[in-house]
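Undergrad: sequence first, predicted coordinates after that:
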Amino acid sequence: MTFFEEQPIRDARVYLYRWIFHNWPDSYCIRMLRALAPALKEGATVLIMDSILPPSGLPNLMDRKLRAMDVTMLEIGNSKERDSDEWKQLFRQADERYV
């Protein structure tokens, strides 16, 4: 099974993705989320453990590290780190139930 195939475990209370989405461009992340959607029961939780970029221009070390990781992810996998608006957009494009 891959992330892109329909999730065979149905009606679980929780589904966890840990450090997955930052490795993939939006189109593939949307495919992953759409593959999960049919398995979700009402009230299920999808936990995504990944970075959220802070608003740009903040003068702190974590901001610089996350932005450096964003460039690295682009270079090695045509993927990226996302800010909160980009995450919301990703979920909306996959399925409105995620928002």
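TA: All right, it came through fine. Residues are numbered from 1 along each chain as shown.

Undergrad: residue contacts, the spatially most central residue of the chain?
TA: By CA atoms, centre = their mean, the mean C-alpha position of the chain lies nearest to residue 21, the distance being 4.0 Å. Residues in contact with residue 21 (CB atoms under 8 Å, 6 or more residues apart in numbering) are 29, 32, 48, 50, 82, 90. (Glycine included, C-beta is placed from N, CA and C.)

Undergrad: recalculate using a threshold of 6 Å.
TA: Neighbour list for residue 21: 29, 50 [criterion: CB atoms under 6 Å, 6 or more residues apart in numbering].

Undergrad: distance check, it against residue 94.
TA: As judged by CB to CB, to the nearest Å, residue 21 and residue 94 stand 11 Å apart.

Undergrad: again with residue 36
TA: 9 Å.

Undergrad: likewise residue 50?
TA: Counting by CB to CB, the gap from residue 50 to residue 94 is 15 Å.

Undergrad: between these two, who's got more neighbours?
TA: For residue 50 versus residue 94, neighbours defined as other CB atoms under 10 Å are more numerous around residue 94 (20 against 15).

Undergrad: quick one: contacts for that one?
TA: Residue 94 neighbours (CB under 6 Å, 6+ apart): 30, 33-34.

Undergrad: and if we set it to 8 Å?
TA: Neighbouring residues of residue 94 by CB under 8 Å, 6+ apart: 29-30, 33-34, 37.
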